[in-house]
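Asks: Next input, structure requested:
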Amino acid sequence: MKKLTLILIAISMLFAVSNAIAYEKGNYELTLGGSGSNDESFDGTVFNIEAGLGYFMTPNVEALLRQGISFADVPGDDNWNASTRISFDYNFDMRSWYPYLGVNIGYLYGDSVEEQFIAGPELGAKFFVNDTTFINAGIEYQFLFENANDADDNFNDGRFVYLVGIGFKF
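Replies: Just a heads-up that it's a prediction; the model follows:
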């Protein structure tokens, strides 16, 4: 048990960061993420990228603009799709960890989707590896609607969107 405790202390010291990571009003952050896949013969390729720019209105409240783009190159066709969203998140200061909870609203558009509004709650966590760089993981629940009257009816027919990436505070 003593060895395990010493190992855990050593690991926590390796990832220890200073109190300088605490957000302040006026801080910005940039997040980047992506994924891709293809079949065994590289005939069908899909990739997704996601970028976000956040601004801290207070040390805990952040406003973000997120842009996601996906591209699918399948035999005989290719498709571009995208979503643009604004989000408002509350960040909980837990030293190197910053769990967050918020809401987003935006628009889904592209070649192979029905263009419409998206909105929903989101949550996730940021883990700082140094004073300015963090790993971000989050999940959004998005429901789609064409007008405000459809929003309530479509809430139960949403989808989950997973986000993993790297971020930079400046």
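Asks: ok, the nearest residue to residue 47 once chain neighbours are set aside - contacts?
Replies: Among residues not flanking residue 47 along the chain, residue 36 sits closest, at 3.8 Å (CB to CB, 6 or more residues apart in numbering). From N, CA and C alone the C-beta is placed, and that goes for glycine too. Neighbouring residues of residue 36 by CB atoms under 8 Å, 6 or more residues apart in numbering: 45, 46, 47, 48.
Asks: Please report how far the closest residue in space to the second one that isn't next to it in sequence lies from residue 78.
Replies: With CB to CB, 6+ apart as the criterion, residue 46 has its nearest non-adjacent residue at 4.7 Å, and that residue is residue 72. Residue 72 sits at a distance of 7 Å from residue 78 (criterion: CB to CB, to the nearest Å).
Asks: Between the two, which has more neighbouring residues?
Replies: residue 72 (18 against 12; other CB atoms under 10 Å).
Asks: Need the three-state assignment for residue 41.
Replies: coil (DSSP: H, G, I helix; E, B strand; the rest coil).
Asks: what are the phi and psi angles of it?
Replies: Main-chain dihedrals, residue 41, degrees, to the nearest 10: phi -100, psi 10.
Asks: Identify the residue spatially nearest to residue 48, adjacent ones excluded.
Replies: residue 70 (4.4 Å).
Asks: that older thread, can you tell me the element the residue nearest to residue 47 falls in?
Replies: Assigned by DSSP states H and E, residue 36 falls within strand 28-38.
Asks: Centre of the chain to that strand, how far?
Replies: 8 Å (CA atoms, centre = their mean, to the nearest Å).
Asks: Parallel or antiparallel, which strands does that strand pair with?
Replies: strand 45-56 (antiparallel), strand 159-169 (antiparallel) (DSSP bridges).
Asks: Other residues contacting the longest one?
Replies: The reference is to strand 45-56. With contacts defined as CB under 8 Å, 6+ apart, strand 45-56 is touched by 23-38, 62-74, 87, 89, 163, 165.
Asks: try 7 Å
Replies: Applying CB atoms under 7 Å, 6 or more residues apart in numbering, the contact partners of strand 45-56 are 23-38, 62-73, 163, 165.
Asks: so how far is that strand off the chain centroid?
Replies: Centroid displacement of strand 45-56 relative to its chain, using CA atoms, centre = their mean, is 7 Å.
Asks: Which positions in that strand come out as buried?
Replies: Neighbour-count burial for strand 45-56 flags 48, 49, 50, 52, 54, 56 (criterion: 16 or more other CB atoms under 10 Å).
Asks: try the last one
Replies: With burial defined by 16+ other CB under 10 Å, the residues of strand 159-169 counted as buried are 161, 163, 165, 167, 169.
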